[in-house]
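> predicted structure and sequence below. I'll ask about it afterward.
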Amino acid sequence: MRTGREAHRYATELLTKHGIAATPQRLVIVEELAREDNDATAAQLYDRLRRKGVNIGQATVYRTLALMHEKGAVDTLTHHAGELCYRLCNEGHHHHLMCTGCHRVVELDDCDLDSWVRESAIRHGFVPTSHELEIVGVCADCRSLT
């Protein structure tokens with residue numbers, strides 16, 4: 001989680017690196033997402049920004065996050081039914097563990113799936129170009145509550 005100047009610097013560098021103009025609205029959206037330990041939906045980010053007194057349109061939040069995903073600056077996850085979740089992740093190939101209880105997200109940097117993906121794709125007449133994996137379950141903290 002990043003705060004203050006660190007979040008602003010991170011947001012500016014991230015947008016610039018991915019060829020996205022660092023407008024004031026985009027910066028505030030990325031800064032808010034950078035404060036998130038796990039992930040957040042566009043609606044959650046919009047609500048947080050409005051509660052903080054930021055004058056920003058809901059469509060701006062949705063368009064900014066969509067553009068960031070298109071440019072590879074943010075990952076999308078699907079564990080909230082009907083709405084994408086956005087997460088600022090480490091660079092490089094990785095996968096995610098996601099808790100259905102508390103929505104905690106853990107990045108998995110190691111991937112031993114390449115040969116399985118390649119073989120499975122070829123068996124079905126595909127040429128694999130990439131793969132993503134979301135493992136959904138319940139974390140230890142949430143299991144201990146039941």
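Yep, that arrived. Since the structure is predicted, the reported quantities are computational estimates derived from the model, not experimental observations.
> could you find the closest non-adjacent residue to the residue nearest to the spatial centre of the chain?
Nearest to the centroid of the C-alpha atoms of the chain, with distances taken as CA atoms, centre = their mean, sits R87, at 1.9 Å. Using CB to CB, 6 or more residues apart in numbering and skipping residues adjacent in sequence, the residue nearest R87 is D39, 3.9 Å away. Every C-beta, even on glycine, is put in place using the N, C-alpha and C of the backbone.
> the residue nearest to the centre of the chain touches D37, doesn't it?
No. Using CB atoms under 8 Å, R87 is not in contact with D37; the gap is 9.7 Å.
> care to break this protein down by domain?
Domains of the chain are assigned by automatic domain parsing as 4-87, 95-144.
> please tabulate those in a markdown table, including the columns mean pLDDT.
Written out in a markdown table, the entries for these read as follows (pLDDT from 0 to 100):
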| stretch | mean pLDDT |
| --- | --- |
| domain 4-87 | 92 |
| domain 95-144 | 85 |
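> looking at those, which is buried most?
Of all these, domain 4-87 carries the top mean neighbour count, a mean of 16, counting by mean count of other CB atoms under 10 Å.
> that domain spans what distance, first to last residue?
End-to-end distance for domain 4-87: 19 Å, by CA to CA, to the nearest Å.
> same deal with stretch 85-95?
According to CA to CA, stretch 85-95 extends 15 Å from its N-terminal end residue to its C-terminal end residue.
> now stretch 74-93
Using CA to CA, the gap from the first to the last residue of stretch 74-93 comes to 13 Å.
> next: stretch 18-25.
16 Å.
> identify the residues contacting that stretch?
11-12, 15-16, 26, 56, 60, 64, 67-68, 71-73 (CB atoms under 8 Å, 6 or more residues apart in numbering).
> give the contact list for V28.
Under the criterion of CB under 8 Å, 6+ apart, the contact list for V28 reads 49, 54, 56.
> looking at this, the second one is in a strand?
I take that to be V54. No. Counting by DSSP: H, G, I helix; E, B strand; the rest coil, V54 is located in no strand; its state is coil.
> what values do phi and psi take at it?
Dihedral angles phi and psi of V54 (degrees, to the nearest 10) take the values phi -80, psi 130.
> which element is the nearest residue to it once chain neighbours are set aside on?
Distance criterion CB to CB, 6+ apart; nearest residue to V54, sequence neighbours excluded, is V28 at 5.7 Å. Assigned by DSSP states H and E, V28 belongs to helix 24-34.
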